[in-house]
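Peer 1: Build me a model from this:
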Amino acid sequence: MQGETDLAVLIGGMKPRLRNGVYVFATLPPGQPAPPTVEPVMVFREAEGCTFILTEGDAAKLGLDVTFRCRMITLEIHSALEAVGFLAAITTRLAASGMGVNPVSAFYHDHLFVPADRAEEAVALLEEMAREA
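Peer 2: Numbering: from 1, shown residues only. Sure thing, here's the model as predicted:
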């Protein structure tokens, strides 16, 4: 199944869905194994350590130091990994309202991690953006 590459179609067809729960970012230094019960929504390895995005509750149970309380928005349109400008347009729109965002691209969808207290505002901005397209 091929993802969409047309920017106008991506923006006009996206359906931002706010996921349940609050997420956080945590990191472990290189070589330190992840707790065996950790179930992150994302893992990324960097030279400085391993980053996890996981629910706030799971992080607390594991005793992990965390940062960036956020909510996850899934952009429900199958965007191609080689699509040009989709996340740039979205992050520019959110930045114009003074909102930081941490985007993650997966095979089928793009996901946005936005400040927990501004999640509904982010969804409204994205829905407005889709209507304008």
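Peer 1: Can you tell me the closest non-neighbouring residue to the residue nearest the centre of the chain?
Peer 2: For the chain, Leu112 is the residue whose C-alpha lies nearest the centre (Cα atoms, centre = their mean; 2.7 Å). Nearest in space to Leu112, with sequence neighbours left out and distances taken as Cβ to Cβ, 6 or more residues apart in numbering, is Ile73 at 4.4 Å. For glycine as for every other residue, the C-beta is placed from the backbone atoms N, C-alpha and C.
Peer 1: picking that back up, please confirm that the residue nearest to the centre of the chain is located within a strand.
Peer 2: Yes. Counting by DSSP: H, G, I helix; E, B strand; the rest coil, Leu112 is part of a strand.
Peer 1: hmm, who's touching stretch 92-105?
Peer 2: Contacts with stretch 92-105, where a contact means Cβ atoms under 8 Å, 6 or more residues apart in numbering, come from 25, 42, 53, 68, 70, 79, 81, 87, 90-91, 110-115, 118, 121-122, 125-126, 129.
Peer 1: Any chance of a ChimeraX selection covering the buried ones in those?
Peer 2: Burial among these is assessed by 16 or more other Cβ atoms under 10 Å; the matching ChimeraX selection reads:
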select :25,42,53,70,79,87,90,91,110,111,112,113,114,115,118,122,125,126,129
